[in-house]
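can't give you the sequence, but here's the structure:
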């Protein structure tokens, strides 16, 4: 046995408490597997007096996470506070400056400041690991950075916000509107204090940007993620997508094309028989596609005390075992600033519009699509309601640009009521 | 850039050729990700003259894999020959004795001689990595050994032989008998030269034994795996299981109980809505259950050139990056020789028997089950065929021992024709 690996933990919420429990309850297991004892020397959180159901009496207490990060008796700074700025950022920077390795669950911090932090870590020979920041307990950062390192990665897809998947699943199961399920989820405490982080796709977008950086060797660039939340998904769309053999998911997709790196986080249709389509409730799923390995699907809990603490401990044990890995799987200095592409990759689309009940109305719609170069794969017109009828169209592959042109042209006619809904159908 | 990592590859079949292609085609990617060039210095195979579609002219040729393993210009011996004895074993031992690290796709060798090889490696400070030996391209050894290292592992389950899953899926889809689909698969070249390795569960049993060793910190013990092949699964069982909401899978399960380590590879019923139940065709799936992480499901190609070569390269890059890990995730000297338990963990069972058409026949069957302490959850009697009628019973949780006693007692009556089929229902 060599010397212990000493953790300083900043943030004692659900995840931090979970990490303390694993370190306390599995001391022998951790030491056997990593070859050295894993200990906690100091902790930091907002309230010292709060009862967290774990014994912290053997650990030094720091009110200031920056002070914790600099302590001489800390080898690894474990950042579980969250937030892209403020104390989390200051303490992470202080830890790196003081020569500490960092294990972080902070997707926002890394998605926004990841490049600078990775450069800071590498200049001092430290590592930053962040398995817990992406898809909770699923070891997807490890699978991508290490297991699939022999592959040219072709595409990443993921359902990485359990709350959104819960809402979409519940809408379908109970036949409720988005607003009804949103309120229900909010009241049950399933959503972040700022729910827009969940339902706006921001949280999931952070995760996608981190995976994309590893996959494509590019500087993490959250600003280039095309974000679209689930607030515009209606129960009608869910039912009608189901009718055609699809499920609607808040799906993240990152893909490199000749036009640049495309990162999308938006509601998409996926086949209901695919693993992504079959994913119900709050579970997460990530799909990794490599030129040699084909398609690898990873599924598990994306949040919660145990799963997220498990991911933190995986990183801690890697460090204890002496594994030294660049933050994004290759030296930060060599990561390219990729050009951002936006919906450059063609796909089939689901289009729902309200057709005004007039002779020749459908012909006008079809003509506009044809002029935009969009061909129709399937179409259904439903019964009238009042003086309009819902029309569903599944297109052959087209670009979002062509589709937007057609939708704009619809507005200049008198046969389409309101704004059509357009959702990408991701071929999985 | 530090010095290159030099590979010596023994075995140039599908997987070996795939590895050569990755090393040649992705030289820059591999060097960027691992921090050093990955090169091949020498290769060995049975036929030097065979055209494999790759250029081997820059590599030294060795007829004898043992000579390859000992070469001074080889850092990592990559063993892709297969077979638990003979050249593969001799060359692996020679490589370790000569101070080389080993990357192996050889499940049979490691499942049978893994403990001795791990001890040999560790005494000299070498590593043996074997991601490619289990579930092809799925990075499951890494997920279990590293990603989930903070967990007490509770259970491992897996569909890890694509050929068997193909056969069972095809039987159901086409309504064909086992023998018909077996012949079809064999003619298409889907099965090993000795098909019993596939359909007898031996190949999948090797993989299960390897994962169990990592999960439970025990010496790999393939002999203790309860093996049952798929040859006894009938199309009637598949249909009737489907009728009750189940699929039949050749499922490996490893689990530690108070009575010891239980390792089973046998046809089982799983709910058709579960990820395992939905797995069709030749794809593999492994389910890992940890006390913190909950259930993690991994899905991907379990065989083939690209996926298996991807797994080999993941291990090679770990070594290039300087990761030094014990073969089974902890020092081999500390692995326990676990007591083998056999079907000690209770489960519900599916029971199919032919009931003779006599008054009171069903009552006799029910009485025998009751006397064995087995209670009935669901029962169905189908229409007579000739003078017997098929009866399906789903029991509540019971042990295999109690069930075997009941089945033996059936034989002493005159109301059960032939031998009943009993399949475990695994709660997933």
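Nice, thanks for sending it over. Owing to the predicted nature of the structure, the values given are computational and were not obtained by experimental measurement. Residues are numbered from 1 along each chain as shown, chains lettered A, B, ... in the order given.

what about residue A:422, which SS state?
Taken by DSSP: H, G, I helix; E, B strand; the rest coil, the conformation at residue A:422 corresponds to strand.

which residues does it contact?
Residue A:422 makes contacts with A:349, A:350, A:351, A:400, A:403, A:407, as judged by Cβ atoms under 8 Å, 6 or more residues apart in numbering or on different chains. From N, CA and C alone the C-beta is placed, and that goes for glycine too.

So which of those are in helices?
A:400, A:403, A:407 (DSSP state H).

quick check: domain ranges of chain A?
Here the domain parsing of chain A from automatic domain parsing is A:5-133, A:142-301+A:333-341, A:349-425.

for the ones you listed, which one sits closest to residue B:324?
The minimum distance between residue B:324 and those falls on domain A:5-133, with 9.7 Å, by Cβ to Cβ.

Can you give me the end-to-end span of that closest one?
22 Å (Cα to Cα, to the nearest Å).

Quick one: which of the contacts of residue A:422 has the lowest pLDDT value?
Among these, residue A:400 carries the weakest pLDDT, at 90.

Run through the strands of the stretch 101-250 of chain A in chain order.
Shown for the stretch 101-250 of chain A, the strands assigned by DSSP state E, counting those that start in this stretch span residues A:101-104, A:128-129, A:153-159, A:226-227, A:246-257.

Make CSV out of those strands and add mean pLDDT.
Shown next, in CSV, are those (pLDDT from 0 to 100):
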stretch, mean pLDDT
strand A:101-104, 98
strand A:128-129, 98
strand A:153-159, 98
strand A:226-227, 96
strand A:246-257, 97
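
can you tell me which of these comes nearest to chain B?
Of all the strands of the stretch 101-250 of chain A, it is strand A:153-159 that lies closest to chain B, at 9.8 Å by Cβ to the nearest Cβ.

hmm, who's touching that closest one?
So strand A:153-159 is contacted by A:135, A:140, A:144, A:165, A:204, A:207-208, A:211-212, A:215-216, A:249-255, A:276, A:279, A:283-291, A:426, A:428 (Cβ under 8 Å, 6+ apart).

Any buried residues in the longest helix belonging to chain A, and which?
Taking DSSP H as the criterion, chain A has its longest helix at helix A:107-124. Neighbour counts using 16 or more other Cβ atoms under 10 Å in any protein chain shown place A:107-115, A:117-122 of helix A:107-124 among the buried residues.

Specify the residue positioned farthest from the middle of chain A.
Distance from the centre of chain A peaks at residue A:359, with 46.2 Å (Cα atoms, centre = their mean).

Quick check: pLDDT value at that residue.
Residue A:359 carries a pLDDT value of 88.

what's the straight distance from one end of stretch A:55-75 to the other?
By Cα to Cα, one end of stretch A:55-75 lies 21 Å from the other end.

so how far is it off the chain centroid?
Stretch A:55-75 has its C-alpha centroid displaced from the chain centroid by 31 Å (Cα atoms, centre = their mean, to the nearest Å).

ditto for stretch A:355-365
The answer for stretch A:355-365 is 41 Å, by Cα atoms, centre = their mean.

so how far is the first residue of it from its last?
Stretch A:355-365 has an end-to-end distance of 9 Å (criterion: Cα to Cα).

Now tell me what touches it from outside.
A:353, A:381, A:384, A:387-391, A:393, A:410, A:413-417.

In those residues, find the pair that's most separated.
For the contacts of stretch A:355-365, the maximum inter-member distance is 20.1 Å, found between A:387 and A:393 (Cβ to Cβ).

Looking at those two, which is more packed in?
Between residue A:387 and residue A:393, counting by other Cβ atoms under 10 Å in any protein chain shown, residue A:393 is the more crowded of the two (21 against 11).

List the residues that contact the nearest residue to that one once chain neighbours are set aside.
Nearest residue to residue A:393, sequence neighbours excluded (Cβ to Cβ, 6 or more residues apart in numbering or on different chains): residue A:351, at 4.3 Å. Listed by Cβ under 8 Å, 6+ apart, the contact partners of residue A:351 are A:392, A:393, A:394, A:395, A:403, A:420, A:421, A:422.

and the helix or strand encompassing the third one, what other elements does it pack with?
Taking DSSP states H and E as the definition, one finds residue A:394 inside strand A:388-395. Here strand A:388-395 is seen to pack against helix A:235-243, strand A:349-356, helix A:361-371, strand A:376-381 when contacts are counted using 3 or more Cβ pairs under 8 Å, 6 or more residues apart in numbering or on different chains; DSSP states H and E.

ok so, going back, turn the domains of chain A into a markdown table, including distance to residue B:32.
Below are the domains of chain A laid out as a markdown table (distance: least, Cβ to Cβ, whole Å):
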| stretch | distance to residue B:32 |
| --- | --- |
| domain A:5-133 | 14 |
| domain A:142-301+A:333-341 | 6 |
| domain A:349-425 | 32 |
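
rank these by pLDDT, which is bottom?
domain A:349-425 (a mean of 92).

And the residue of the stretch 301-428 of chain A closest to chain B?
Counting by Cβ to the nearest Cβ, the stretch 301-428 of chain A gets nearest chain B through residue A:313, at 2.7 Å.

Please give me every residue in contact with that residue.
Counting by Cβ under 8 Å, 6+ apart, residue A:313 touches A:19, A:22, A:23, A:30, B:149, B:150, B:151, B:292.

so how far is residue A:247 from the residue farthest from the centre of chain A?
Taking Cβ to Cβ, to the nearest Å as the measure, residue A:359 falls 36 Å from residue A:247.

correct me, but residue A:397 touches residue A:347?
Yes: counting by Cβ atoms under 8 Å, residue A:347 is a contact partner of residue A:397 at 6.0 Å.

Neighbour count: the two, which is higher?
Neighbour totals were compared for residue A:397 and residue A:347, and residue A:347 leads with 19 against 14 (other Cβ under 10 Å).

which residues touch the more buried one?
Residue A:347 makes contact with A:397, A:398, A:424, A:425, A:426, A:427, according to Cβ under 8 Å, 6+ apart.

Surely residue A:425 is in contact with residue A:247?
No: the pair residue A:425 and residue A:247 does not pass the contact test of Cβ under 8 Å, sitting 10.9 Å apart.

For the two, indicate the residue with more neighbours.
Each of residue A:425 and residue A:247 has its neighbours counted (other Cβ under 10 Å); residue A:247 has more, 24 against 20.

and the more buried one, what does it touch?
By Cβ under 8 Å, 6+ apart, residue A:247 lies in contact with A:168, A:172, A:241, A:269, A:270, A:271, A:272, A:276, A:277, A:278.
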